[in-house]
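Enquirer: no letters, just coordinates:
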């Protein structure tokens, strides 16, 4: 396994830290809004929120260029938002409205956005990994210096597609950054009940992929690891693997009675809330004020208010369009722009 | 565009002797020479030369970047084909045999077939997947099934079953031009079939069924590996005074309803010959469509000749007993025209 990089020292880039705090707060508030709207029956189906895990999406996406691709899972609202999909398009999608990023056809689990190269939103565990490998293969064959980031959970590690994809990416030295969001539970089954080897970075290393674990509750650590990994991948060093050790504060989905974990365990992890941790650290270092925090909250609330209003005033896709796009029929840019205000 | 019958308006087209395998290889070679985005990927396509020797020589000609040997990871490399297609390439993914494609069914159904519709038309997957299908070579239960009818169940896919040299030569080019996923099923007994092809043979349509033999008394509807059997049966029926029409479906999804209805409305009798199993099959779908739309045109119940519903066995006599045979096709045709007493 590649030598593990040194632990971060202090706050190396205060400006970047404040940006990451904002990004995490945007995700947190988007997710909380989703839960409220679900309780109000405005959002239906399965809803999986990433509250507690925000540092992962924030830290990783901060290292990306607009042209880089992201492939994610069904717990992907935050990843989509931080890749650049407007909150309004995300919420409208969950409302099932035509103004949504996928015309309301995908819902919470299938957010896609061609403009920001956000390739889902895959609800088959590990199903996105081979696709990410292929996106990277296309970039390699076309000589483009782009990076494809693939997010997946610890549950995916048990799937064959995980191993097939890591092997292919390493064999062909493809520009993929594999990001395993290890929140310790595959739905309701703990990692140690499903894996003979629970050190997940070790599995990636067995494919000769540089791999190390990262504290997924420390966004500055994630950010640093992501920048290092993305730079190496972009420079042609082949795939990279980060195991981001994180924790989901809420239930798996809105239907989960949480019989599989102790409340004390959740409470313990909540003391490491990534937003609280960074906020406290910035305040302690004198790099941030309570006033700035209040302003930041206001900004995020304003963004979400606009997004919720956009979703709330949307329209269902006409039923006559049910069969559209079964065959390709690229939507003209102007029509798309008109449909989903950015 | 209708090019699946040999042109008759030219004075004389010179022809070349070829095989189904060579025609397929030539199609791949031409596609790769024409378009840098096209590449071939699959198990043993490179150094081995292709499990059925379709890609023999292509590694030497195009190099390992464009003729990619993959690990035995059907889901991995089919998914990589989908990703590469999303990324602007035009991959041809070869799966050794249809039974192995089940390991990639997640990628084919949940991604390739769904992405365009599920994303509201934002993404298309211009991917071609080729695979061998069918029995007749004593390869037993895990290398012999005909599952193309299953795949034809899936919206978002186009399913092709080239049965002739012209289709082996011409379908790939059109499939590669399709912005959506296309699956090509090559029956294993066809690779060695030989014949003449016009020197300038090229792209053919991937929309329509083709009448391979015109007739007035009964429509024999088939595709892929059983076309030869059905044409021979039609000759035998002619000797008995039964004038059979043979419709080669060519495309199992979307079905060419117009051609199917036209032949039924012409002969008023239909027998479907399908190497797949009978229950829940493409033959069942055809029968349903015919009765739904041409019920009052029919002078006899729709007949079906399918494989016996068992895993295809190894021993020759049992394999033969399981597959559609000349006797069963003849019997079904005679019954349709009321000659069986």
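Expert: That came in fine, so what should we check first? Small disclaimer: the values here were computed from a predicted structure and weren't measured. Residues are numbered from 1 along each chain as shown, chains lettered A, B, ... in the order given.
Enquirer: and residue B:319, how far is that from residue B:51?
Expert: 20 Å (CB to CB, to the nearest Å). Using the backbone N, CA and C atoms, a C-beta is placed for each residue, glycine as well.
Enquirer: actually, residue B:102.
Expert: 17 Å.
Enquirer: then residue A:326?
Expert: Residue A:326 is 32 Å from residue B:51, where distance means CB to CB.
Enquirer: so residue A:125 sits against residue A:153, correct?
Expert: Yes. Counting by CB atoms under 8 Å, residue A:125 does reach residue A:153; the two are 7.1 Å apart.
Enquirer: compare those two (neighbour count), which wins?
Expert: residue A:153 (23 against 20; other CB atoms under 10 Å in any protein chain shown).
Enquirer: beta-bridge partners for that one, please?
Expert: Taking DSSP bridges as the rule, residue A:153 bridges to residue A:181.
Enquirer: contacts only, for it.
Expert: With contact set as CB atoms under 8 Å, 6 or more residues apart in numbering or on different chains, residue A:153 has these partners: A:73, A:75, A:125, A:180-183, A:186.
Enquirer: let's see if you can find the most crowded of the residues you listed.
Expert: Within those, residue A:180 tops the neighbour count with 29 neighbours, counted by other CB under 10 Å.
Enquirer: wait, doesn't it sit right on residue A:152?
Expert: Yes. When contacts are counted by CB under 8 Å, residue A:180 is listed as touching residue A:152 (6.1 Å).
Enquirer: what lies in contact with stretch A:222-235?
Expert: Here stretch A:222-235 makes contact (CB under 8 Å, 6+ apart) with A:5, A:8, A:12, A:16, A:20, A:55-56, A:58-60, A:62-64, A:68, A:145-147, A:149, A:175-177, A:210, A:212, A:214-216, A:239-240, A:242, A:244.
Enquirer: out of those, which are buried?
Expert: By neighbour count, with 16 or more other CB atoms under 10 Å in any protein chain shown, the contacts of stretch A:222-235 hold A:16, A:20, A:55-56, A:58-60, A:62-64, A:68, A:146-147, A:149, A:175-177, A:210, A:212, A:214-216, A:239-240, A:242, A:244 as buried.
Enquirer: surely residue B:272 is in a strand?
Expert: Yes. With DSSP: H, G, I helix; E, B strand; the rest coil as the criterion, residue B:272 is part of a strand.
Enquirer: show the pLDDT at it.
Expert: Looking at residue B:272, its pLDDT is 98.
Enquirer: ok, the closest residue to it other than its chain neighbours - contacts?
Expert: Sequence neighbours aside, residue B:283 is the residue nearest to residue B:272 in space, at 4.4 Å (criterion: CB to CB, 6 or more residues apart in numbering or on different chains). By CB under 8 Å, 6+ apart, the contact list for residue B:283 reads B:149, B:272, B:274, B:276, B:304, B:306.
Enquirer: residue B:283: which element?
Expert: Secondary structure assigned from DSSP states H and E places residue B:283 in helix B:282-294.
Enquirer: helix or strand next in line after the helix or strand containing residue B:91, which one?
Expert: Using DSSP H and E, residue B:91 maps to strand B:90-95. Sequence-wise, the next helix or strand downstream of strand B:90-95 (DSSP H and E) is helix B:98-101.
Enquirer: what does the stretch 101-250 of chain A put close to chain B?
Expert: Within the stretch 101-250 of chain A, the positions adjacent to chain B are A:101-106, A:110, A:112-114, A:119-120, A:122, A:124, A:127, A:129-139, A:141-142, A:148, A:160-161, A:164-165, A:167-168, A:171-172 by CB under 8 Å from any CB of the partner chain.
Enquirer: just the helices in the chain please.
Expert: As the question left the chain open, I've gone with chain A. All helices of chain A, identified by DSSP state H, fall at A:14-39, A:54-61, A:77-83, A:87-95, A:128-142, A:160-171, A:200-205, A:219-234, A:263-270, A:274-284, A:290-312, A:333-339.
Enquirer: not what I meant, chain B
Expert: Using DSSP H, helices in chain B cover B:20-34, B:58-62, B:74-86, B:98-101, B:105, B:115-118, B:148-151, B:165-177, B:227-239, B:257-267, B:282-294, B:316-322, B:326-336.
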